[in-house]
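Asks: below are the sequence and a predicted model; questions follow.
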Amino acid sequence: MLPPHRYYYLHNFQRALDWLAERYGDLLDESEQAFLTQFAPLPQPSRALMVRLLMRRGPWFLAHKLAYEEIPDIAGAAAPLLALGWLDTGHSLALHELFALHTKPELLRLFAGAPIHAGQRKAEMLQTLQPLHEAPQRYAVWNPQAPEAAWRVMTGELCERLRLMFFGNLYQDWSEFVLSDLGVFRYEPVAFDAASRAFQSRADVEGYLALHACRRALDEGADIDALLRSVASCASANPWLEQRRAKVLLRIGQACERAQDWTRAEQAYAQSAYPGARHRRIRVYERMQRLDDAMALAQAAQARPESDEEAQRVARMMPRLRRGLGLGAAARSASLAPVVAQLRMELELDAPAEPSSVEFVLRDHWHSAAAPVFYVENALVNSLFGLLCWTAIFAPLPGAFFHPFQSGPADLGAPDFVSRRAALFDACLARLDDGSWREAIRRCYADKQGLQSPFVFWSVLTEPLLELALDCIPVAHLKLFFARLLRNVPANRTGFPDLVRFWPAERRYELVEVKAPGDKLQDNQIRWLQYCAAQGIPVRVCHVRWREQVMEHAK
């Protein structure tokens, strides 16, 4: 169901333009300023048509295929847009763009006599005709019998830049307004001033777009040397743009690894400070037989690991590197697999009559009123943390919030996310010491119900589950969970065990990772299991075998 206002989308678009004028006036170029100035005075049908077309996949449209109840005269609405040059009829379009405008029967009539037939798919027809029609042409040349011209939206790239400035990214679009109006997504209202914005300079905007183009070019198979030069030219003093640039370099390195282009993979990783680039560079050195370089970098990583994940991966590499260099085996770390092996239990169950995940089968097998079991995976601990620390997470710090449709702070993945909020997190976590944590979590659960959050899983965290967790999980364990989470938020938000078992009468609980036959533990799961075991948190790994398979194997 749409909002009652017929022009709801136009109203929302104008809200965004007003927001941009207020916060980005000093960064807008001449064409963008002109768009904002010229848009508002246009007749309402013309503004509505412009927004309708911007929200659709373009840039080409045929007038007779456009139908909107609130815009009865499409041609009349288009006239002012054509006069401004925002719509254009004189541009040439390529064959694939022509194909996007027409149905297969229309194309068969348009190319009557060409070596195509109705039994072909559109993609096959295009492939057949492409060598015969390589040059773009005006629509009137492609379709001389057409009663009207095709329109090309000329403001698309301009409005993409405006969308980027408003949202601070290119994955959100104008539909966010509608989804918010309908209550599909609800957001925490964060108070921020007119200076709060994603980009502080025009160079930041252009840098983001340039990096986006590099990422798209990588997906399209662009030349790697040219890509590396392009990414190098995107270097910025803006920390979060530098993080994006580092991630693009990581992706380039991974693409080179897949192609076994070790030299360029090493170049990309050497330039990337993104988490994970260093250990991948060690792997590439191994492939290149540069074992001395691999060992030197591995030792540097061991001395100052960037994360638990890197420490785990490098520890796994070191025996191999030592053997390759003839250094002999080093003592095996006591923190690796043997600790997890001690958590192992095995259980035979009847295979489910209907297809079902092993986690749900085990949950149902164990569940009872006296000992309820829930499938929670990453949802429970993250949600408890998100509720207790809501005020710290949604604090209106500079660079964290800059539009009303953010599910969390923009710097959530930044290295200084926690340090910037250290005092705020300390204040929230102090409730674990003064005894007010249960009340604080319950109050936040009630007050913020359904609001978007990067930590709270509303669909999983039911009130019964919440109450059991508050009653059965000791506060000392919550401190331990939250401490590790805050050590590396992006890496440690995942990897939690699948199930939680409660014994309410005894006010105790247990976390259980579930594995079906043939399943292996993932690295992030191993890290959480090791941590829990070391800290005395009740945890185990249950390997389930289906009884029928066990009997068949015995035969």
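Replies: Looks like it came in fine. Treat the numbers as computed from the prediction; the structure is a model and nothing was measured. Residues are numbered from 1 along each chain as shown.
Asks: by residue count, which helix of this structure is the longest?
Replies: Identified as the longest helix of the chain according to DSSP state H is helix 239-258.
Asks: same for it, what does it pack against?
Replies: Helix 239-258 sits against helix 202-219, helix 224-232, helix 262-271, helix 277-287, with contacts defined as 3 or more CB pairs under 8 Å, 6 or more residues apart in numbering; DSSP states H and E. Placement of C-beta: from N, CA and C, glycine included.
Asks: give the buried residues for it.
Replies: Buried residues in helix 239-258, counted by 16 or more other CB atoms under 10 Å: 240-257.
Asks: what is the mean pLDDT for stretch 322-331?
Replies: Stretch 322-331 carries an average pLDDT of 81.
Asks: quick one: residues in contact with that stretch.
Replies: Under the criterion CB atoms under 8 Å, 6 or more residues apart in numbering, residues 286, 291-292, 295, 318-319 lie in contact with stretch 322-331.
Asks: same deal with stretch 100-115?
Replies: The contact list for stretch 100-115 (CB under 8 Å, 6+ apart) reads 60-62, 99, 116-118, 121-122, 125, 128-129, 132, 142-143, 150.
Asks: ok, now with 7 Å
Replies: For stretch 100-115, contacts defined as CB atoms under 7 Å, 6 or more residues apart in numbering pick out 60, 62, 99, 116, 118, 122, 125, 128-129, 143, 150.
Asks: give me the buried positions along that stretch.
Replies: Buried residues in stretch 100-115 (16+ other CB under 10 Å): 101-102, 107-108, 110-111.
Asks: so, low pLDDT: which residues of the stretch 251-400 of the chain?
Replies: For the stretch 251-400 of the chain, the stretches with pLDDT under 70 are 329-338.
Asks: please enumerate the helices of it.
Replies: 262-271, 277-287, 291-303, 308-324, 337-341, 358-366, 379-388, 390-393 (DSSP state H, counting those that start in this stretch).
Asks: and the contacts of the second one?
Replies: With CB under 7 Å, 6+ apart as the test, helix 277-287 has contacts from 250, 253, 257, 262, 265-266, 269-270, 293-294, 297-298, 301, 306, 310, 313-314, 317.
Asks: gap between the residue nearest in space to the middle of the chain and M154?
Replies: Ranked by distance to the mean C-alpha position of the chain (CA atoms, centre = their mean), the top residue is Y171 at 8.7 Å. For Y171, the distance to M154 (CB to CB, to the nearest Å) stands at 24 Å.
Asks: count of neighbours near the residue nearest to L291 when sequence neighbours are not counted?
Replies: With CB to CB, 6 or more residues apart in numbering as the criterion, L291 has its nearest non-adjacent residue at 4.8 Å, and that residue is G324. Using other CB atoms under 10 Å, G324 has 14 neighbouring residues.
Asks: for G324, give its distance to M317.
Replies: 10 Å.
Asks: for the chain, name the helix or strand with the lowest mean pLDDT.
Replies: In the chain, no helix or strand scores lower on mean pLDDT, DSSP states H and E than helix 547-554, which sits at a mean of 58.
Asks: what about the helices in the stretch 401-550 of the chain?
Replies: Counting by DSSP H, counting those that start in this stretch, the helices of the stretch 401-550 of the chain are 417-420, 422-429, 431-434, 437-447, 463-472, 475-487, 489-492, 523-535, 547-554.
Asks: looking at those, which is closest to N12?
Replies: helix 437-447 (26.9 Å; CB to CB).
Asks: give me the low-pLDDT residue ranges for this structure?
Replies: 1-5, 178-184, 193-195, 329-338, 549-555.
Asks: now do 50
Replies: Applying pLDDT under 50 to the chain flags the ranges 1-4, 334-336, 551, 555.
Asks: before we move on, back to that, among the contacts of helix 277-287, which ones are buried?
Replies: With burial judged by 16+ other CB under 10 Å, the buried subset of those is 250, 253, 257, 262, 265-266, 269, 293-294, 297-298, 301, 306, 310, 313-314, 317.
Asks: what about F481, how many neighbours?
Replies: Here the count is done by other CB under 10 Å, and F481 has 22 residues near it.
Asks: and what of the one 5 residues further on?
Replies: L486: 18 surrounding residues under other CB under 10 Å.
Asks: any idea how far V418 is from it?
Replies: For L486, the distance to V418 - CB to CB - is 5 Å.
Asks: overlap in contacts, those two.
Replies: Taking CB under 7 Å, 6+ apart as the criterion, L486 and V418 both touch F425.
Asks: need the contact partners of stretch 255-264.
Replies: 218, 224, 265, 268, 284, 287-288.
Asks: go with 10 Å
Replies: Stretch 255-264 is contacted by residues 218-219, 221, 224-225, 227-228, 252-253, 265-269, 280, 283-290 when judged by CB atoms under 10 Å, 6 or more residues apart in numbering.
Asks: what's the PyMOL syntax to select whichever of the residues you listed are buried?
Replies: Selection command for PyMOL covering only the buried members of the contacts of stretch 255-264, criterion 16+ other CB under 10 Å:
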select buried, resi 218+224+227+228+252+253+265+266+267+268+269+280+283+284+285+286+290
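Asks: what's the burial count for H212?
Replies: Quick note: H212 (other CB under 10 Å) scores 16 neighbours.
Asks: that one - nearest residue in space that isn't next to it in sequence?
Replies: Excluding the flanking residues, the one nearest H212 by CB to CB, 6+ apart is L170, at 6.1 Å.
Asks: and for that neighbour, the neighbour number?
Replies: Residues near L170, counting by other CB under 10 Å: 13.
Asks: quick check: bridge partners of V500?
Replies: F374, L511 (DSSP bridges).
Asks: ok now do it, which residues does it touch?
Replies: Per CB under 10 Å, 6+ apart, neighbours of V500: 363, 372-377, 379-381, 465, 468-469, 472-473, 509-512.
Asks: P80 touches S46, doesn't it?
Replies: Yes: using CB atoms under 10 Å, P80 is in contact with S46, at 4.6 Å.
Asks: looking at the two, which one has more neighbours?
Replies: S46 (23 against 19).
Asks: coming back round to it: any idea which of the helices of the stretch 251-400 of the chain is most buried?
Replies: helix 379-388 (a mean of 24; mean count of other CB atoms under 10 Å).
Asks: that helix vs helix 475-487, what angle?
Replies: Per axes from the mean of the first three to the mean of the last three CA atoms, to 10 degrees, the angle that helix 379-388 makes with helix 475-487 is 90 degrees.
Asks: quick one on the thing from earlier: between P80 and S46, which contacts overlap?
Replies: Shared contacts of P80 and S46, defined by CB under 10 Å, 6+ apart, comprise 86-87.
Asks: got the contact list for the residue nearest to H365 when sequence neighbours are not counted?
Replies: Setting aside the residues directly before and after it, H365 is nearest to L349 in space (CB to CB, 6+ apart), at 5.9 Å. L349 sits next to 358, 361-362, 364-365, 544-547, 550 when contact means CB under 10 Å, 6+ apart.
Asks: ditto for S92
Replies: By CB under 10 Å, 6+ apart, the neighbours of S92 are 135-139, 141-142, 152.
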